[in-house]
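Asker: build the 3D model from these lines:
(2 chains)
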Number of protein chains: 2
Amino acid sequence: MQNFYFDTSSQSLTVHTNGWDFTYPKMSNSGDHKATTTPHIVKEEILAAGKWVKLEKTTYVDPAGNTRIWESVKRTTRQRDTEADGVGIIALLKRTLHKDCVVMVKQFRPPLGCCSLEFPAGLIDEGENAEAAALRELKEETGYKGEVVGITPVTCLDPGLSNCTTQMVMVNINGDDMENINPTQQLEFVEVILLPLDEFQLKIDELLRKEKTVVDAKVYIFAMGMVQAFFKPRELPVLKQ
Amino acid sequence: MQNFYFDTSSQSLTVHTNGWDFTYPKMSNSGDHKATTTPHIVKEEILAAGKWVKLEKTTYVDPAGNTRIWESVKRTTRQRDTEADGVGIIALLKRTLHKDCVVMVKQFRPPLGCCSLEFPAGLIDEGENAEAAALRELKEETGYKGEVVGITPVTCLDPGLSNCTTQMVMVNINGDDMENINPTQQLEFVEVILLPLDEFQLKIDELLRKEKTVVDAKVYIFAMGMVQAFFKPRELPVLKQ
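Answerer: Got it, this is the predicted structure:
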């Protein structure tokens, strides 16, 4: 494992290999630690296993060749034929004479001890692909029938803690369709909230001020992306004055 | 806990209360389950505790008043004076005559058994606030010294599994500053990768095709937000033809 590409002639080095052109910063490390080994897992021992979740003691070899221990969480439910545990659904409800809205769910989450504001989401069932799981979960949690228009790669949720992964599935909902005018929800205790896309972050901020609810990180980052205020160059703080 | 607001006269009902104007869809539930109880935790029993992570059996009362069990993961390291376990840093490196780049880290993650591509991140130390933790972690992991320009609310990472939370901190880095021209990294085995903001998703996709790496969900959603292609109305699939 090569840590850095050094370059003494310029501030940074752009590597052009097989279509890549990532830029690696010119860096020096404070310690003398050369990465000589491909890191890998040696063994995984179960410390405790519930019905849904297990805690493991992971023994691995780090890039310097040292054997180390990590505490890892895994779901017991992952299907063999899929790489992702679950799906999250970014569903856009489109209706005549209405603003486009993002379909959100609010529910009590026992690990948090309070409610969360999330994209609809759920685990992938056996034999199911991510797209099918997304449409099923969206229907169960919100009653809406949608159409898949995009999907992300398999993504990790908290990789320092768990191996849990999700694929985000982008779904359009035709809100003018009869079946979506009176959506029939199949799950209990999931509150459906429609937030207009053009005020998504603002509406989330209002909701968080109003009640004890924790917003999912993916939701908030998506909301920031929709605003993009941070990245409008003319609104960035001037670095030099 | 009120699940839905019903409205027989229109497709949806917009609620105006104390400055709110969220839209609740008109819905019917397939079962007969009324939410009559404020859901709450009854007890939390430790099934197993490592040095860093513990697995708990959570007994809670659901909105119908039924007592139920959930398996919850928690970090043992959360500081008492903070609501978030950690911080993630969206750091933008700004340099004269260079494209603005997002500072990313790639590292072997034992729970995954492979490398992840993430925003720099880390746990908040005792007595530290999120902004200070962000600048410290950014410096340790990448060598860069930045300036905080924004921070999110406390957000949850995988609320069906754990109580783990993070605050995303937006940081600008003046890459023309001497200390940021030769950044001195303090952590081992974290590979720093600079990805141009204007091609962020494209570069991530290239990297994922090239090697066995899992991208963090927050990163990929941020990347999608930067593209916004999905939400450019004229590029959306036409719903009715």
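Asker: who are the packing partners of the helix or strand where residue A:91 lies?
Answerer: According to DSSP states H and E, residue A:91 maps onto strand A:86-94. Packing contacts for strand A:86-94, counted by 3 or more Cβ pairs under 8 Å, 6 or more residues apart in numbering or on different chains; DSSP states H and E, involve strand A:101-109, strand A:121-123, helix A:130-142, strand A:165-174. (C-beta placed from N, C-alpha, C; glycine too.)
Asker: and after the longest one, which helix or strand comes next?
Answerer: It stands for helix A:130-142. Following helix A:130-142 in sequence, per DSSP H and E, is strand A:147-151.
Asker: about what we covered before: would you turn the helices and strands packed on strand A:86-94 into JSON lines with mean pLDDT and mean neighbour count?
Answerer: Below are these laid out as JSON lines (pLDDT from 0 to 100; neighbours: other Cβ atoms under 10 Å in any protein chain shown):
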{"stretch": "strand A:101-109", "mean pLDDT": "97", "mean neighbour count": "24"}
{"stretch": "strand A:121-123", "mean pLDDT": "95", "mean neighbour count": "21"}
{"stretch": "helix A:130-142", "mean pLDDT": "97", "mean neighbour count": "22"}
{"stretch": "strand A:165-174", "mean pLDDT": "97", "mean neighbour count": "22"}
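Asker: work out the gap between the strand holding residue A:91 and the centre of the chain.
Answerer: 12 Å (Cα atoms, centre = their mean, to the nearest Å).
Asker: what pairs with it, and is each one parallel or antiparallel?
Answerer: strand A:101-109 (antiparallel), strand A:121-123 (antiparallel), strand A:165-174 (parallel) (DSSP bridges).
Asker: so which of those strands gets nearest residue A:38?
Answerer: strand A:165-174 (21.6 Å; Cβ to Cβ).
Asker: then the closest one to PDB, C-alphas only?
Answerer: The C-alpha coordinates for strand A:165-174 follow below in PDB (Å, rounded to 0.1, in the frame of the first residue of the first chain):
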ATOM      1  CA  THR A 165     -23.800  -0.900   3.600                       C
ATOM      2  CA  THR A 166     -26.600   0.600   1.600                       C
ATOM      3  CA  GLN A 167     -27.400   1.500  -1.900                       C
ATOM      4  CA  MET A 168     -29.300   4.700  -2.400                       C
ATOM      5  CA  VAL A 169     -32.000   4.400  -5.000                       C
ATOM      6  CA  MET A 170     -33.400   7.500  -6.700                       C
ATOM      7  CA  VAL A 171     -37.100   7.100  -7.400                       C
ATOM      8  CA  ASN A 172     -39.600   9.400  -9.100                       C
ATOM      9  CA  ILE A 173     -43.300   9.200  -8.000                       C
ATOM     10  CA  ASN A 174     -46.000  10.400 -10.400                       C
END
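Asker: and the next element down the chain from it?
Answerer: Taking DSSP H and E, what comes next after strand A:165-174 is helix A:178-181.
Asker: what's that next one packed up against?
Answerer: Applying 3+ Cβ pairs under 8 Å, 6+ apart, we find helix A:178-181 packed against no helix or strand.
Asker: which helix or which strand is home to the closest residue to chain B within chain A?
Answerer: Proximity of chain A to chain B (Cβ to the nearest Cβ) peaks at residue A:225, 1.6 Å away. Using DSSP H and E, residue A:225 maps to helix A:217-227.
Asker: what's the closest non-adjacent residue to residue A:223?
Answerer: Sequence neighbours aside, residue A:201 is the residue nearest to residue A:223 in space, at 3.8 Å (criterion: Cβ to Cβ, 6 or more residues apart in numbering or on different chains).
Asker: out of the strands paired with strand A:86-94, which is closest to residue A:76?
Answerer: Per Cβ to Cβ, nearest to residue A:76 of the strands paired with strand A:86-94: strand A:121-123, 10.9 Å.
Asker: now do the same contact list for the nearest residue to residue A:118 once chain neighbours are set aside.
Answerer: Closest residue to residue A:118 apart from its sequence neighbours, by Cβ to Cβ, 6+ apart: residue A:216 at 4.4 Å. Contacts for residue A:216 (Cβ atoms under 8 Å, 6 or more residues apart in numbering or on different chains) come out as A:116-119, B:155-157, B:159.
Asker: any low-confidence regions in chain A?
Answerer: Along chain A, the model assigns pLDDT under 70 to residues A:1-35, A:228-241.
Asker: can you list the domains in chain A?
Answerer: Chain A resolves into domains spanning A:2-27, A:40-75, A:86-232 when parsed by automatic domain parsing.
Asker: my guess is residue A:177 contacts residue A:145, does it?
Answerer: Yes - counting by Cβ atoms under 8 Å, residue A:145 is a contact partner of residue A:177 at 7.2 Å.
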